[in-house]
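A.B. asks: when you get a sec, could you give me coordinates for this:
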Amino acid sequence: MSQKRDLTARKLFFKYYDGALENNLNVTLEGWIKSHRNNGSVGFIEFNDGSYFKNIQLVYDKENANFAKISKAKYGSSIEINGVVRLTPEMKQPFEIQLTDLRVLGDCAEDYPLQKKRHTFEFLRDIAYLRPRANTFNAVYRVRNACAYAIHKFFQERGFIYVHTPEITSNDAEGAGQVFHVVNDFKHPNDFFNSSACLTVSGQLHAEAFALAFRDVYTFGPTFRAENSNTNRHASEFWMIEPEIAFADLDDNMDLIESFLKYVIKYVLDNCKDEMEFFNNFIDKGVIEKLNNVINSEFVRMDYTKAVELLKKAAEAGHKFENPDIYWGTDLMSEHERYITEEIVKGPVFLINYPKEIKAFYMKLNPDNKTVAACDLLVPKEGEIVGGSQREEDYDKLFAKMKEIGNDKGLEWYLNLRKYGGCIHSGFGLGFDRLLMYITGMQNIRDVQPFPRCPGSLKY
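C.D. replies: Predicted coordinates:
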């Protein structure tokens, strides 16, 4: 690697925090101008090379022989700089660079959309190819990277096998029917695969096949839903984290969910301090405290039936729900879930044993024949964030359920997993993008995805 590429802002900051950054060190860096101002005698450039969230301040003055050339460098341009490190621990920035020279590598046109003012998130969504340069999105995508790494790190440290499940499949794993169909052309949609084909809504069913060979597996990749929904929580393409664990019941599954979520959150807090401080100050005041509360909480486990009773009592006592029709068998709304976490438990809670009618066909039927061994993790200020279950390992019970809902054709291989050495097994699904919303405090899923795919929008 060339010496220029080997030295980055990240390394300079790390050297400073380790007490190893030398005063008067000569440096050469390549990056971009984030802001530029001068008063005719002294100039200041905020510089960022993409390796670190914080900018480095570059300083130059009239005594510099290149003053006139440097002062013409435009906001947004890519540059190469030579300079000398000056330690400034008493100032806002821990160090700055006294410029000796600056070379413009890529000039920036006058119509550059990112001007030196506050832009709305709506405006920035329209220029998604440029918004990684804006502070908020620079922080978002750094946290996204750290969060993705933490997910792999958690599972790999525990011996899980990473499975790449297919993006094109012949079944709707959820049974919801809201899928994107893969077509060769509009007249003959199935002649390429000689069967119906759609983009996957979940890697779970395929992951189960691997769990019954490797014991503990996970899939982490893109999934697709053809819901014509324009809420701030829905996207047509999003990433899912879906582990499957063999010889594991619902309690084992909840243990895994709790340790996983705490691990990932702690990793981000420990490794993205500057970014999280930014979110705490400018996006969601209190987000760090919220996340620390999750890490330090013991997740309560509550039966769905008990939750419904408590919600009904709250309504009878005068609490005003927007959806007051609460009864056993209803699918709880976000406001109900938040009430449970924020008013009753005052912390994270697993709701378990849901009515079988409102849950997916593959969930294990409980001995009462009314409920399934499902769990939803609810957290304060959000509601449901993780959904999981023990999978039905009984061939006859699973076949009867699939036949009842008309989902018994094309999934014979899935049923056969119960016939050929099956065992109890469990798993969960967590939307990666929604997890990022929760960690950063961002309010719209379109603002945590690099190039969001939503109904009516496919610009890039």
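
A.B. asks: from here on, contacts and neighbour counts on C-alpha atoms
C.D. replies: Fine.

A.B. asks: element containing Leu291?
C.D. replies: Here Leu291 is covered by helix 287-295, with elements defined by DSSP states H and E.

A.B. asks: using PDB, list the CA coordinates for that helix.
C.D. replies: Only the C-alpha atoms of helix 287-295 are listed here, as PDB (Å, rounded to 0.1, in the frame of the first residue of the first chain):
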ATOM      1  CA  VAL A 287     -31.000   7.400  22.800                       C
ATOM      2  CA  ILE A 288     -27.700   6.400  24.600                       C
ATOM      3  CA  GLU A 289     -29.600   6.200  28.000                       C
ATOM      4  CA  LYS A 290     -32.300   4.100  26.300                       C
ATOM      5  CA  LEU A 291     -29.800   1.700  24.900                       C
ATOM      6  CA  ASN A 292     -27.900   1.400  28.100                       C
ATOM      7  CA  ASN A 293     -31.200   0.600  29.900                       C
ATOM      8  CA  VAL A 294     -31.700  -2.300  27.400                       C
ATOM      9  CA  ILE A 295     -28.200  -3.600  28.100                       C
END
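
A.B. asks: need the next SSE after it, C-terminal direction.
C.D. replies: Where DSSP H and E defines the elements, the next helix or strand beyond helix 287-295 is strand 300-303.

A.B. asks: can you give the contact residues for that next one?
C.D. replies: Contact partners of strand 300-303, identified using Cα atoms under 8 Å, 6 or more residues apart in numbering, comprise Val345, Gly347, Pro348, Val349, Phe350, Leu351, Ile352, Asn353, Tyr354.

A.B. asks: show me the contacts for the residue nearest to Val104 when sequence neighbours are not counted.
C.D. replies: Counting by Cα to Cα, 6 or more residues apart in numbering, Val104 lies nearest to Ile79, which is 4.5 Å off, once chain neighbours are set aside. With contact taken as Cα under 8 Å, 6+ apart, Ile79 is in contact with Glu30, Gly31, Trp32, Ile33, Leu102, Arg103, Val104, Leu105, Gly106.

A.B. asks: if we can go back for a sec, any buried residues in the helix holding Leu291, and which?
C.D. replies: Of the residues in helix 287-295, those buried under the neighbour-count criterion (16 or more other Cα atoms under 10 Å) are Val287, Ile288, Lys290, Leu291, Val294, Ile295.

A.B. asks: list the contacts for Tyr414?
C.D. replies: Leu205, Ala209.

A.B. asks: work out for me the element it sits within.
C.D. replies: With elements delineated by DSSP H and E, Tyr414 resides in helix 412-419, which encompasses its position.

A.B. asks: repeat that for Gly427.
C.D. replies: Using DSSP H and E, Gly427 falls in strand 425-431.

A.B. asks: how much space between the residue of the chain most remote from its centre and Ile97?
C.D. replies: Farthest-out residue of the chain from its mean C-alpha position, per Cα atoms, centre = their mean: Glu63, at 48.7 Å. Relative to Ile97, Glu63 is positioned 15 Å away (Cα to Cα, to the nearest Å).

A.B. asks: with Tyr362 instead?
C.D. replies: According to Cα to Cα, Tyr362 stands 60 Å off from Ile97.

A.B. asks: between the two, tell me which one has more neighbours.
C.D. replies: For Tyr362 against Ile97, the residue with the higher neighbour count under other Cα atoms under 10 Å is Ile97, and the figures read 26 against 23.

A.B. asks: name the SS class of the more buried one, please.
C.D. replies: Secondary structure for Ile97, judged by DSSP: H, G, I helix; E, B strand; the rest coil, is strand.

A.B. asks: and Phe238, by the same measure?
C.D. replies: Here Phe238 is strand, with the state taken from three-state DSSP.

A.B. asks: so where do the helices sit in the stretch 351-460 of the chain?
C.D. replies: In chain order, the stretch 351-460 of the chain shows helices spanning 395-404, 412-419, 432-440, with DSSP state H, counting those that start in this stretch as the criterion.

A.B. asks: run through the protein and note the low-pLDDT ranges.
C.D. replies: Using pLDDT under 70 as the threshold, the predicted model of the chain has low-confidence ranges 1-4, 174-177, 185-190.

A.B. asks: which of the contacts of strand 300-303 are buried? Put it as a ChimeraX command.
C.D. replies: Burial among the contacts of strand 300-303 is assessed by 16+ other Cα under 10 Å; the matching ChimeraX selection reads:
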select :345,347,348,349,350,351,352,353,354
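
A.B. asks: which other residues reach the strand holding Gly427?
C.D. replies: Contacts of strand 425-431 with the rest of the structure, by Cα under 8 Å, 6+ apart, involve 238-250, 253, 257, 385-391, 393.

A.B. asks: mind redoing it with 6 Å?
C.D. replies: The contact list for strand 425-431 (Cα atoms under 6 Å, 6 or more residues apart in numbering) reads 240-248, 386-391.

A.B. asks: out of those, who has the most neighbours?
C.D. replies: Ranked by neighbour count under the definition other Cα under 10 Å, the contacts of strand 425-431 are headed by Glu244 with 32 neighbours.

A.B. asks: for that one, give me its contacts.
C.D. replies: Listed by Cα under 6 Å, 6+ apart, the contact partners of Glu244 are Ala211, Val217, Ser426, Gly427.

A.B. asks: could you identify the buried members of the residues you listed?
C.D. replies: Here, 16+ other Cα under 10 Å leaves Ala211, Val217, Ser426, Gly427 buried among those.

A.B. asks: which stretch of helix or strand covers the first one?
C.D. replies: Here Ala211 sits within helix 204-214, counting by DSSP H and E.

A.B. asks: pairing partners for the next helix or strand after that helix, with directions?
C.D. replies: Per DSSP H and E, helix 204-214 leads on to strand 216-224 as the next helix or strand towards the C-terminus. Note on strand 216-224: by DSSP bridges, its sheet partners are strand 161-162 (parallel), strand 237-246 (antiparallel).

A.B. asks: rewinding a little: which ones among the contacts of strand 300-303 are found in strands?
C.D. replies: The members of the contacts of strand 300-303 that map onto strands under DSSP state E are Val349, Phe350, Leu351, Ile352, Asn353, Tyr354.

A.B. asks: ok, the last one touching Asn369?
C.D. replies: No: using Cα atoms under 6 Å, Tyr354 makes no contact with Asn369, being 11.2 Å away.

A.B. asks: what's the angle from the helix holding Leu291 to helix 432-440?
C.D. replies: Put simply, helix 287-295 runs at 110 degrees to helix 432-440, going by axes from the mean of the first three to the mean of the last three Cα atoms, to 10 degrees.

A.B. asks: give me the contacts around helix 287-295.
C.D. replies: Counting by Cα under 6 Å, 6+ apart, helix 287-295 makes contact with Lys262, Asn280, all of which sit outside it.

A.B. asks: hmm, back to that, farthest pair in the contacts of strand 425-431?
C.D. replies: When the contacts of strand 425-431 are compared pair by pair using Cα to Cα, the two farthest from each other are Met240 and Phe247, 22.8 Å apart.

A.B. asks: name the helices or strands packed onto the helix or strand where Val104 lies?
C.D. replies: Under the criterion DSSP H and E, the helix or strand holding Val104 is strand 95-106. Counting by 3 or more Cα pairs under 6 Å, 6 or more residues apart in numbering; DSSP states H and E, the packing neighbours recorded for strand 95-106 are strand 56-61, strand 78-87.
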